[in-house]
Each structure stands twice: as structure tokens, then as C-alpha cells.
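Q: Sequence below, structure please.
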Amino acid sequence: MILEQIIDLVAVCAKKGVQHVILSPGSRCAPLTLAFARYPEIHTRTISDERAAAFIALGMAQQLGKPVALVCTSGSAALNYYPAIAEAFFQEIPLLVLTADRPQEWIDQYDGQTIFQTEVYGKHVKGSYQFPNQVNGKDDLWLANRISNEAINLAKKYPAGPVHINIPLKEPFYPQAGEVISFPENPRIFNLSKSTLQLSEDSFLNLKNILASVQNLVIVPGQQKSDATLQSILDQLSIQQKAVVVADTISNLQSEQTITFHDHWLGNEKISENLKPDLIISFGKSIISKSLKLFLRNSDAPQWHIQENGEAKDTYQSLSQILPISPKNFLLWLSQNLRPQNPEYHHAWHSLDQTVSHSLPIVLDEVDFGEYGALNAVLKKVLPFSKIHVANSMAVRYLNFLGKRNPEIFCNRGTSGIDGSNSTAVGCTFTTKDPVTLITGDLAFFYDRNAFWHNYAIPNLRIVLLNNHAGGIFRMIDGPKNQPELEEFFETKQKLNAQHLATEFGFFYVKVQTRKELDQALTDFYAPGIHPKILEIETESPNNHEIIKTVKERISEVLK
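A: A predicted model of the protein is given here:
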């Protein structure tokens, strides 16, 4: 049976720029599956594991900057989308989540594959819509069309994010023999005009008056995609000594003009005391560095946060101004209206950064082989046009310690979970033919192995697996590392390696345990081929902790 409201939904999606759909097999969602699969201008893929499917869609939407649709059947399938939906919400990534459902009268009546799906994602979606339970006339079709338009508009509206449409479907929902799906050429669509809040002339004048007394300005960009124009403005602010720009690796705004090795000294109170700012200007989303976060919270400096929609984000507990304007526009105004700052303050930050930049490679060459030095060697070989996806826990922290500047870095820091790192990287490979490099730890990697359980070629994927057979980050945290239960209840002891997985999914695989083996493996790691590649770096968790401790001590000695 052809359902007109579903055919119209798919046509509206296509007209409004939804060009990619990730489907998971099921019967209740058959009308959606068939309609999307048969629409010629929409690219559909099937991923059986809904959790992996949702992160793959997230990875695609993250790159495309457009909504990607997700389609699943009723019941627990919809719940398996939840981790990725929460991540998309806090990363501000547009997803259109379409969940098939049982008719309302069969909810909570012991019917199969039935849960309470209405508004099931709570506050982790920008909006939740319920399709009409049945369509009996023009008004019901008008309502379904209106919901389709509103949901896609909302997903794209700043800040972007996931939107849910729950779609009750009654049997029969498979077309009969001879039935042909015919899509409307011109479905009714209505678009949302872009509106951006702006600062008034009086507001700018007030800000300029405050800036007149500021001597030590720090600008802190949070997580975002790379932006050459924004990078250029920040670099000029630094070159002209108008601001100190402290950039974590996930800001994608690191350069020779920004501070990137701050994790190596901000925990040292003697050094940090002389670096406290008069004013903090922030934009973007979260930062990686806990030491930077604590330093700013303890600085007692007021914070101005640039947030286009005017929402309050009081990360450093000192928010004094919300600036409802785009970062580019405000920072350009700032560069034109700010005089040079205290040169000694600027020099203090950059002198520390340059000292660590020079010393860290030397120290890493002197210590034993482990994840820290191995990843430093890997980053030197990453192709400049590769995108880097990095898992949470130690992997992303190593990148921040190493002050990585290029290429573009992606990490699921919306919720900062280990789930979905593989799948997000796979989604990225679906959008580009350039290399995609995934840097991950063993727990995140094996947890998300179903990312590779599909029938699509991903020859441009390169995986660097840091396998210490445990959860090494807990050895860095004062609480768990001092407990006798550390190894059994905090670290996850496991004996797995990736060889069997590589065989199952057709990956090229090599394991290294020494620096010499690593150097040899890296010689052709990025050579083109028809198979994705896994480079597994096997180390021991206690040794990695000792290496981090040794590096920290030696860098501290250099900075004295």
C-alpha cells in the first residue's frame, strides 16, 4: 500500500537538501525504506546496527553541514539511536531522525516491538514531532507536510541539531503487486529565512570603553570546524600583540601564532600565577584541556562569550557579557578597535610555548617506546589533506599534549563518550575520497566494532589503534590511580587485538611493538589501496603512565 504522507515526506526532504539517508532494516519502517530507496536523487545506505548507523549519519552530517536522515523500525531500535543523538545535540550537528512506530492504540498493550516513542529523546533533540496516526483527508496530509517542513527547518536553524519525527504506521504498508511509487514533482515546501542577532552601536561603544583598561586579554576558541578567515583574524591579533590566543587541538584554529602546548605548564601554580588574564573572550563549543579550564575558572577574570543566538554558556564561571554576533564579525571589529596589549604578558605565554615546542620532541626521543612517542611519530606522517578523527579518553589528550596543528581534527566531545568513534569516522569516509585517519584507543575501538559491519567500501580509512589492553586514562586520575581496585574495576583488562577483526572485514593489518617496527609500518601506511588499513600499536598501560610522568617532569625542569 502506497502511503501518500510518506511519499510527500521523502519529496520534501529531497527539495530541502536532505540528500543522504542511513536506513536500518525493519518491517514497520518499510514504507519509509522503500520511498527513500526509490527516490532517484537521494543516496541511501543500510547499516544494520542502529547505534553504529546513527553515529555514521552524524559523521556524514558533520562533514556536509546538512541534515542526514535516519530511518529505523519501532521499539528498541529507536533507543539505540540515543547516544549519537545526544552527541549531535551538543555538537550542534543536524540530523533528521525518522522512527517508525505502532499505531497509538497499540502502545502498552503487549504488542511486539512497542515502546513509548513519542518524545523519547527528551531534551536531547531540538524538537519532537508526531505524524498523524492515520491520514483520512486533505487536512491530515497538510499536517504531515507541515511537520516535514518544520522539522527540517529546525534541524538546520542555528544552532543546528537533531530533530525527531515519530511516524505511526498501520498495516498494510508494503505496496501491492503492480503499485508504483510516484513522487510529487513540486511538494509544498517553506523555508526559514536566516536571522542573526546583532550588537547595537551603543553596545559596541560600551565594549570599546571596557577594552580601554584591558592589558592582558586571552581569547579561547572552543571546538569547531576549521575556518581560514577566522584563523587569519586570530593570527593578526596575536602578531600585533593585541591578544593571546590559547587553542586546543579540537578548536581547529591552532597555528604558529597560537598557544598550543598549554597543558604542559598551566597545572604549575608558580608559572600560571603570572599568566592570569584581565579578560577572557571565548567562542565555539567545549575545550579539551582540564588545566586550561581550571586556570580560567580560578583567574577571576570576566568572560565575554560570543554566541550568535544569545544563549548563556558560562563555562568558566565568570560570564559577564553574552555577545549575540558571529565570531568572525566580532573578532574583526575587535582587531580594528583594540590597541596592543601588555608586551611582557604576550611574551610570557609565547616563550613558554616555544620552549615546550622545542623540548618535547627531544624528550620523547629519549624516553622508552610507548603511546606518547608513537603517536608523535604517526602525526608526522599523516597526510596534510587527511581529516583526523580521534577517540575520547587518552587519544585526544595525547593530541592536545603534542600541540597538533594540522590537519582538521574531529572528536565526539559533545558528550565525550567512547561509543561511536569508529562509526563517526566511517561516516566521514562516505563523504570524501581523501584519507580519513582514525586515532583510537582499544576500548573505544572494540566497543564500536559494528561500525565496519556493512557492505560499503571504505578504502580511504586509516586506523591507528593504541592498544594497551586496559583503560590507561584512569592511571592519570588521582582518585582511581591510588585505589587497590584500579586494575580490576577501573581499567578494562582485555587480551584482544585487531587481527581477527581485520580478517573479518577485509582490512590490511599490521601490529608494532617497537619504534623500529613503527617506522617501517609508516613508510607505506598512506599508500593508496583497495582496503582500509589498521596500524595497531601495542604497549602496556603502566609503562605509558610512567612515560607521561617522566615527560612531564623533564618538561617542568626545562621550564624552571
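Q: going forward, measure contacts and count neighbours with C-alpha atoms only.
A: Fine.
Q: Closest to the centroid, which residue in this structure?
A: residue 412 (3.4 Å; Cα atoms, centre = their mean).
Q: in stretch 549-560, what's buried?
A: 550, 551, 552, 555, 559 (16 or more other Cα atoms under 10 Å).
Q: quick one on the thing from earlier: in three-state terms, label the residue nearest to the centre of the chain for me.
A: Per DSSP: H, G, I helix; E, B strand; the rest coil, the secondary structure class of residue 412 is coil.
Q: Can you tell me how far it is from residue 69?
A: Between residue 412 and residue 69 the distance is 19 Å, computed by Cα to Cα, to the nearest Å.
Q: ok, now residue 290?
A: On the measure of Cα to Cα, residue 290 and residue 69 end up 35 Å apart.
Q: Over to residue 159?
A: Taking Cα to Cα, one finds residue 159 at 18 Å from residue 69.
Q: Pick out whichever of residue 290 and residue 69 has more residues nearby.
A: Shown here are residue 290 and residue 69; by other Cα atoms under 10 Å, residue 69 has more neighbours (27 against 13).
Q: Is the more buried one in a helix, a strand, or coil?
A: Secondary structure of residue 69, per three-state DSSP, is strand.
Q: now it: how far from residue 58?
A: For residue 69 relative to residue 58 (Cα to Cα), the value is 10 Å.
Q: just residue 140 next, same as before
A: From residue 140 across to residue 58, the span is 31 Å (Cα to Cα).
Q: got it, and residue 100?
A: 20 Å.
Q: again, but for residue 547
A: 35 Å.
Q: With residue 3 instead?
A: In terms of Cα to Cα, residue 3 sits 28 Å off from residue 58.
Q: Then residue 375?
A: Taking Cα to Cα, one finds residue 375 at 26 Å from residue 58.
Q: Who has more neighbours out of the two?
A: residue 58 (33 against 21).
Q: Could you confirm the more buried one falls within a helix?
A: Yes: applying three-state DSSP, one finds residue 58 inside a helix.
Q: Just to check, it is in contact with residue 89?
A: No: the criterion here is Cα atoms under 8 Å, and residue 58 misses it with residue 89 at 10.2 Å.
Q: which stretches of the stretch 351-500 of the chain form strands?
A: 387-390, 409-410, 436-441, 461-467 (DSSP state E, counting those that start in this stretch).
Q: Now do the third one: which elements does it pack against?
A: Secondary structure elements in contact with strand 436-441, counted by 3 or more Cα pairs under 8 Å, 6 or more residues apart in numbering; DSSP states H and E, are strand 387-390, helix 394-401, helix 421-429, strand 461-467.
Q: what are the pairing partners of the first one, and which direction each?
A: With DSSP bridges as the criterion, the sheet partners recorded for strand 387-390 are strand 409-410 (parallel), strand 436-441 (parallel).
Q: With mean neighbour count added, can I get the ones you listed in CSV?
A: CSV is the format used below for the strands paired with strand 387-390 (neighbours: other Cα atoms under 10 Å):
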stretch, mean neighbour count
strand 409-410, 26
strand 436-441, 27
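Q: Is it possible to get CSV of these that adds distance to residue 44 and mean pLDDT?
A: Converted to CSV, the strands paired with strand 387-390 look like this (distance: least, Cα to Cα, whole Å; pLDDT from 0 to 100):
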stretch, distance to residue 44, mean pLDDT
strand 409-410, 24, 96
strand 436-441, 21, 98
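Q: Can you add distance to residue 255 and give these back as JSON lines?
A: Listed next are the strands paired with strand 387-390 as JSON lines, based on distance: least, Cα to Cα, whole Å:
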{"stretch": "strand 409-410", "distance to residue 255": "13"}
{"stretch": "strand 436-441", "distance to residue 255": "20"}
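Q: Looking at those strands, which is nearest to residue 254?
A: With respect to residue 254, and counting by Cα to Cα, the nearest of the strands paired with strand 387-390 is strand 409-410 at 10.6 Å.
Q: Show me the contact partners of that closest one.
A: Identification of contacts with strand 409-410 by Cα atoms under 8 Å, 6 or more residues apart in numbering yields 225, 249, 250, 252, 387, 388, 389, 390.
Q: what do you get if the cut-off is 7 Å, keeping everything else the same?
A: 249, 250, 252, 387, 388, 389, 390 (Cα atoms under 7 Å, 6 or more residues apart in numbering).
Q: what sits against the residue nearest to the third one when sequence neighbours are not counted?
A: This points to residue 252. What sits nearest to residue 252 in space, not counting adjacent residues and going by Cα to Cα, 6 or more residues apart in numbering, is residue 226, at 4.8 Å. Applying Cα under 7 Å, 6+ apart, we find residue 226 in contact with 252, 253, 408.
Q: at 8 Å instead, please
A: Contacts of residue 226 by Cα under 8 Å, 6+ apart are 251, 252, 253, 408.
Q: Next: residue 45.
A: Residue 45 neighbours (Cα under 8 Å, 6+ apart): 21, 22, 23.
Q: what pLDDT does it get?
A: Looking at residue 45, its pLDDT stands at 98.
Q: Show the backbone phi and psi for it.
A: Main-chain dihedrals, residue 45, degrees, to the nearest 10: phi -130, psi 150.
Q: Residues in a beta bridge with it, which ones?
A: Listed by DSSP bridges, the beta-bridge partners for residue 45 are residue 22.
Q: Residue 537: what secondary structure?
A: Applying three-state DSSP: residue 537 is strand.
Q: Next, report how far the host helix or strand of residue 7 is displaced from the centre of its chain.
A: Assigned by DSSP states H and E, residue 7 belongs to helix 4-15. Computed by Cα atoms, centre = their mean, to the nearest Å, the chain-centroid distance of helix 4-15 equals 29 Å.
Q: what does it rub up against?
A: Counting by Cα under 8 Å, 6+ apart, 19, 31-32, 35-36, 39, 41-42, 135, 141, 144-145, 148-149, 152, 181-185, 187-189 sit against helix 4-15.
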